[in-house]
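**Q** fold the following for me, if possible:
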Amino acid sequence: MATKGLYYTPPGTDGLDHAYRQRVAGHYQTSALNKSRLKYCIFFHYLLFFAMLAKLSADILDKLDIFILEIEELAIPKPLWWEYIWCISLLLSFLGLDAIKRNKIAPLRSYMIGLALFGLLPLFYAVIYYFSDVWTYLRFEDEEELSQIHIWQGYPYGMLWYAFILLALQVHAFSLYFAWNLVTAWRSRGTKKYE
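**A** Numbering: from 1, shown residues only. From the prediction side, this is the model:
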């Protein structure tokens, strides 16, 4: 290609036509960003599920009459009902992933409602259930008070659950926030995709 001098700029390429260039609409940018973030939240939900599954493994193997000495020696406490109900929330992630793949509002709403019911409510129950143990551990003054709380492997059981609950609440809250942003962005397109 021949040039017409050292500083020659072909007409139309000097950047002055920026006002006429096409731009990606804001709701598409919002949609792409929140889809990516929601996928990350669902990934962290899977990680939390595997941690919960490890805790429930002793009870599940016990119900299946499978004896593994190493797991039995850990003396994992019996699970409460809220732990199994929280595990149902993982199934909803498939609904959420399908909704963001197809840009569907109705399944994403169902994902949000299900996550609130099966993800957040059991966690709130656990916060209330373990509150007395955590409170006693945080403000104990003598060894007699400390002997009243449940200890597992040298750690206060309620504090271990509070660490899990803190992570799970963050993952679920961000999931709901990003899903809400997606519903808002998809509504602003002008076309409604309900199914």
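**Q** gap between Lys39 and Val171?
**A** Distance of Lys39 to Val171, given as CB to CB, to the nearest Å: 12 Å. Every residue, glycine included, has its C-beta placed from N, CA and C.
**Q** with Ala54 instead?
**A** Relative to Val171, Ala54 is positioned 17 Å away (criterion: CB to CB).
**Q** if you count surrounding residues, which of these two has more?
**A** For Ala54 against Val171, the residue with the higher neighbour count under other CB atoms under 10 Å is Val171, and the figures read 21 against 11.
**Q** pLDDT at that one, what is it?
**A** Note for Val171: predicted pLDDT of 96.
**Q** nearest residue to it other than its sequence neighbours?
**A** Beyond its immediate neighbours in the sequence, the residue positioned closest to Val171 (CB to CB, 6 or more residues apart in numbering) is Phe44, lying 4.8 Å away.
**Q** one more: Ser110?
**A** Spatial nearest neighbour of Ser110, chain neighbours left out: Leu95 (6.0 Å); criterion: CB to CB, 6+ apart.
**Q** that neighbour: how many residues sit nearby?
**A** Other residues within reach of Leu95 by the criterion other CB under 10 Å amount to 16.
**Q** begin at 17 from now on, thanks
**A** Right, with 17 as the first residue, what we last looked at is Leu111.
**Q** buried residues in the host helix or strand of it, which are they?
**A** If you go by DSSP states H and E, Leu111 is part of helix 97-118. Applying a neighbour-count criterion of 16 or more other CB atoms under 10 Å, the buried positions in helix 97-118 are 99, 101-103, 105-106, 108-109, 111-113, 115-116.
**Q** enumerate every residue touching Pro172.
**A** Neighbour list for Pro172: 149-150, 153, 165-166 [criterion: CB atoms under 8 Å, 6 or more residues apart in numbering].
**Q** ok, Ala201 touching Asn50?
**A** Yes - with contact defined as CB atoms under 8 Å, Ala201 counts as touching Asn50 (6.9 Å).
**Q** test my guess that Val150 contacts Gly174.
**A** Yes - under the contact definition of CB under 8 Å, Val150 touches Gly174, with a separation of 4.3 Å.
**Q** could you list the low-confidence segments of this protein?
**A** Counting by pLDDT under 70, the low-confidence segments of the chain come to 17-22, 24-44, 87, 157, 160-162, 205-211.
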